[in-house]
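Peer 1: A predicted structure for the sequence below; I have some questions about it.
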Amino acid sequence: MELYLRQIALVANGLEPAMGQLNAMFGTPVCYRDDGVAKFGLENALSAIGSQFIEIVAPTEEGTAAGRYLDRRKGDGGYMVILQCPDRDTQNACEQNAADNDIRIAWQREEGKGRIMQLHPADTGGTFFEIDHVHPFEPEGLWPPAGGNGWQSQININVATGITAAEIQSPKPQELAERWSAIVGIPLEKSLTAYVLPLTNGEIRFVSALDSRGEGLSAIDIKVIRKTKAIFSARAAGLKTTDDQVTWCGLHINLV
C-alpha cells in the first residue's frame, strides 16, 4: 500500500516560543496558520521541512483535547502522525481495517475532493493517527492542511530536507505496532530495538517506553545536510543536544 509520511503534529503550552526554536534550528519560517482550529480552542502554526510539515498546536482555552493531552503526557510532546494516501480506495480500505479492529474514528471531514480521517488516540496508543486523501494526489505538492500550495515559497532546505521517521513509545510496542499494521495493511519489519512499519518515504517505529510519560509519539528523524549547524543553533536556542539528537518541544529529534 502506498502511504506517505506527510506531517507531524506536536502540542505545546506556548506556540510562538516553540516555533521560534524550530526556525532557529533549521531556518524554517512559519508557512501557514489555520484560523479554523480556533473552534477547537486551539491556535497552530506549520513549518515546511522539504515537502513535509511540522505543526504545533497550543490550547487557547480550558477543557480542550490538546490541554488534556498536555496533562497526560506531562508537558509538550508529539501529538499526531499524518499520512497521505493516493486515492479514496486506499483510505476506504484503511477505514474498513480500522473498523474490523475496533478502532474508532475521532474526526473526519471532506476537504475539497479529498477527505481527512483521524483515528482515536485511545485506540492507537496515545497518538492521533491520521490518513488523508487529497485530490489531486501530489505527495510533494498540494496539501490543504498547509493552505494548499502557498507553503512552497517558505521552503528552506539549507539545513533540513525531510522527515524520514516517526517513533512511538509504548509499554507494549509489539501489540501497538501490530495494531497500526492492521490498519494500513502493511506487514511489520523488526530491527534490534523496534518494530518497524515501512512507508513509501520513511517509516514508523514502535519502541519500549523508557520514561514516565506514557504512550505516545516520542521522536522523529529529520534528514539534515548541515548537522553541525543544526546542533549549534539548537544549543544557542537553549535546547538539550547530543552529537546526533536535539530535544525540542518534548520530542527527540534524531538528526540523520
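Peer 2: Received, thanks.
Peer 1: report the contact partners of A93.
Peer 2: Counting by Cβ atoms under 8 Å, 6 or more residues apart in numbering, A93 touches 1, 185. All C-beta spots, glycine's among them, are computed from the backbone N, C-alpha and C.
Peer 1: quick one: it is in a helix?
Peer 2: Yes. Per DSSP: H, G, I helix; E, B strand; the rest coil, A93 lies within a helix segment.
Peer 1: ok, it to M117 distance?
Peer 2: Distance, A93 to M117, using Cβ to Cβ, to the nearest Å: 11 Å.
Peer 1: same check on G238?
Peer 2: Between G238 and M117 the distance is 38 Å, computed by Cβ to Cβ.
Peer 1: more neighbours, these two?
Peer 2: Using other Cβ atoms under 10 Å, the more surrounded residue of G238 and M117 is M117, with 22 against 9.
Peer 1: so after the helix or strand containing that one, what's the next helix or strand?
Peer 2: Element membership for M117, per DSSP states H and E: strand 114-119. Where DSSP H and E defines the elements, the next helix or strand beyond strand 114-119 is strand 128-133.
Peer 1: my guess is A58 meets A66, correct?
Peer 2: Yes. A58 is within contact range of A66, at 7.2 Å (criterion: Cβ atoms under 8 Å).
Peer 1: now list whatever residues contact both of the two.
Peer 2: 11, 42.
Peer 1: higher neighbour count, the two?
Peer 2: Neighbours per residue (other Cβ under 10 Å) separate A58 from A66, with A58 holding more: 25 against 22.
Peer 1: the more buried one and A146, how far apart?
Peer 2: Noted for A58: a distance of 17 Å to A146, by Cβ to Cβ.
Peer 1: now swap in P86 and tell me
Peer 2: On the measure of Cβ to Cβ, P86 and A146 end up 18 Å apart.
Peer 1: which one's more surrounded, the two?
Peer 2: Neighbours around P86 and A146, counted as other Cβ under 10 Å, are more numerous at A146. The numbers are 23 against 18.
Peer 1: excluding sequence neighbours, find me the nearest residue to that one.
Peer 2: In space, and not counting its chain neighbours, A146 is closest to Y32: 4.6 Å by Cβ to Cβ, 6 or more residues apart in numbering.
Peer 1: and R179, how many neighbours?
Peer 2: 20.
Peer 1: ugh, typo on my part, it should be D243
Peer 2: The local packing of D243 (other Cβ under 10 Å) involves 8 other residues.
Peer 1: measure it to D211 for me?
Peer 2: The separation that D243 has from D211, given Cβ to Cβ, amounts to 21 Å.
Peer 1: just M117 next, same as before
Peer 2: M117 sits 30 Å away from D211 when distances are taken as Cβ to Cβ.
Peer 1: could you do L255 as well?
Peer 2: Using Cβ to Cβ, L255 is found at 20 Å from D211.
Peer 1: what's the answer for P139, then?
Peer 2: From P139 over to D211 (counting by Cβ to Cβ), the distance is 33 Å.
Peer 1: buried set for stretch 166-174?
Peer 2: Neighbour counts using 16 or more other Cβ atoms under 10 Å place 166-170, 173 of stretch 166-174 among the buried residues.
Peer 1: out of these, which are inside helices?
Peer 2: Judged by DSSP state H, helices contain the following of the buried residues of stretch 166-174: P173.
Peer 1: can you put the buried residues of stretch 166-174 in TSV and add pLDDT and distance to S181?
Peer 2: TSV is the format used below for the buried residues of stretch 166-174 (pLDDT from 0 to 100; distance: Cβ to Cβ, whole Å):
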residue	pLDDT	distance to S181
A166	98	14
E167	98	16
I168	98	12
Q169	97	17
S170	97	14
P173	98	12
